[in-house]
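Student: here you go, sequence then predicted model.
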Amino acid sequence: MQQGLNLLQRFAGTFLRDVNLGVILMNTQFELIDISDMACRVLGLVKEEIINCPVEQIFANMPAEHQLVHRNILDGMVVRNHALSWTNNQERYELLVDSNVLRDEEHRVVGAYIIFKDVTNLRSLEEQVQRSDRLAMIGQIAAGTAHEIRNPLTSIKGFLQMMRKTMQDLGMERESGYTEVMLTEINRINELVNEFLLLSKPKNVTYDAVDISRVMREILPIINNEAIMHGVSVQYESADKLPQVIADRELLKQVFLNICKNGIEAMGDGGRLTLTERVDDDERKVNFDIHDTGPGIPLFVIDKIFDPFFTTKSEGTGLGLSVCQRIIHDIGGHIRVSSKGFGTTFTVSIPFP
């Protein structure tokens, strides 16, 4: 019996240390008795600082939606596969949570446990596949109709320009102003058609070994100019000897410029845009963080921002981030976003050979 108990104790210690699950154990006083290493990593906790502390104290400074542990768990509340989003610094995790009470031989409650799985990659992959399917359908429609729209628009624009000149020569200033409005609207339609074409598979894509640091240095003057116009400062934190990735250089520029422009426009005067390069050797990915100090993205919006045609801008098409997502997805990477109400971070992750 004693040997079996020792074996169980050894297993429990190894389980909490090595298993790829978040595990939290509590006693009936709602004090944390033990926690797995993975739970500490995801929740941003230090094990030695929280053991035997009241659970309510550990999570006291976190908003209601991040209250992973509730006291009513000790009343026998059972949770199965509860989906929960958790943000730790700049990392956002999608978790599936289970919880239940622990009872002794006489069926008395002696504690409770919470177990959660990190399904971030699974959820991200599922969402990317769904978006890719929608983008592929839209891209097919765009490729088939864009040129048919452009041809008559070009004729209309040419005749309007001629009419505008004639009206200006005849002193018809009011009528000339009308043509200006019409030409502006035609230009907007042309821009929309251009974005539609980007949704279809772009032609002449060239995949080569690309130095992301060099790509960033080439577009940094453009980002700085955009920032100056909005009263925003830019901080670029480069990494030494980034491994090269396989990608199309021009498409990468498009992705970084689009996300940086969104971040700059989200901030008012005095904001800061921080660009950070880093390498994840374990995942073999080059990560590029784009962090702004804007108002953040509400939780009810953050899951929709990559959807085609979803936009919060009055004149936006809602296609920019969809195109960026497709470009990065096509080279085996992903874009993640995290926002805690006082800034937003987009992380572009690209695998390297």
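Tutor: On my side now, so go ahead. Numbers count the residues shown, from 1 in each chain.

Student: which residue of this structure sits farthest from its center?
Tutor: The outermost residue of the chain relative to its centre, with distances by CA atoms, centre = their mean, is residue 170 at 54.9 Å.

Student: tell me the contacts of it?
Tutor: Counting by CB atoms under 8 Å, 6 or more residues apart in numbering, residue 170 makes contact with nothing. Backbone N, C-alpha and C define where each C-beta goes, glycine included.

Student: now with 10 Å, please.
Tutor: Residue 170 makes contacts with residue 176, as judged by CB atoms under 10 Å, 6 or more residues apart in numbering.

Student: what ranges does the stretch 101-250 of the chain have for its helices?
Tutor: 120-169, 173-199, 212-229, 249-266 (DSSP state H, counting those that start in this stretch).

Student: so where is the stretch 201-350 of the chain shaky, pLDDT-wise?
Tutor: Counting by pLDDT under 70, the stretch 201-350 of the chain shows low-confidence ranges at 201-204, 308-310, 312-319, 340-341.

Student: how is this protein carved up into domains?
Tutor: As given by automatic domain parsing, the domain ranges for the chain are 2-118, 121-201, 202-353.

Student: most tightly packed of those?
Tutor: Among the domains of the chain, ranked by average contacts under mean count of other CB atoms under 10 Å, first place goes to domain 202-353 (a mean of 17).

Student: what about that domain, distance to the chain center?
Tutor: Averaging C-alpha positions (CA atoms, centre = their mean, to the nearest Å) puts domain 202-353 10 Å from its chain's average.

Student: equivalent analysis for stretch 161-179, please.
Tutor: Remark: stretch 161-179 is offset 48 Å from the chain centroid, using CA atoms, centre = their mean.

Student: find the nearest non-adjacent residue to residue 23, please.
Tutor: Closest residue to residue 23 apart from its sequence neighbours, by CB to CB, 6 or more residues apart in numbering: residue 36 at 4.0 Å.

Student: looks like that neighbour contacts residue 117 (just checking).
Tutor: No. In this structure, residue 36 is not within contact of residue 117 by CB atoms under 10 Å, at 11.7 Å.

Student: which residues are in contact with both of the two?
Tutor: 20, 21, 22.

Student: and these as TSV, adding pLDDT, distance to residue 111 and secondary structure?
Tutor: Putting those into TSV (pLDDT from 0 to 100; distance: CB to CB, whole Å; DSSP: H, G, I helix; E, B strand; the rest coil) gives the following:
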residue	pLDDT	distance to residue 111	secondary structure
20	71	23	coil
21	79	18	coil
22	83	17	strand
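
Student: between those residues, which sits nearest residue 210?
Tutor: Ranked by distance to residue 210 (CB to CB), the shared contacts of residue 36 and residue 117 are led by residue 20 at 32.6 Å.

Student: against residue 116, how distant is the residue nearest to that closest one when sequence neighbours are not counted?
Tutor: Of all residues not flanking residue 20 in the chain, residue 38 sits nearest, at 5.8 Å (CB to CB, 6+ apart). Taking CB to CB, to the nearest Å as the measure, residue 38 falls 9 Å from residue 116.

Student: wait, which of the shared contacts of residue 36 and residue 117 is closest to residue 240?
Tutor: residue 20 (31.0 Å).

Student: can you name the residues that contact that closest one?
Tutor: Residue 20 touches 36, 37, 38, 117, 118, counting by CB under 10 Å, 6+ apart.

Student: chain center to the helix or strand where the third one lies, what's the gap?
Tutor: Secondary structure from DSSP states H and E places residue 38 in helix 37-43. For helix 37-43, the gap between its own C-alpha mean and the chain's C-alpha mean amounts to 21 Å (CA atoms, centre = their mean).

Student: avg pLDDT for it?
Tutor: For helix 37-43, mean pLDDT is 82.

Student: what are the contacting residues of the next helix or strand after that helix?
Tutor: Next in sequence after helix 37-43, counting helices and strands by DSSP H and E, comes helix 47-50. If you take CB under 10 Å, 6+ apart as the criterion, helix 47-50 is touched by 16, 24, 31-32, 34-37, 39-40, 43, 57-59.
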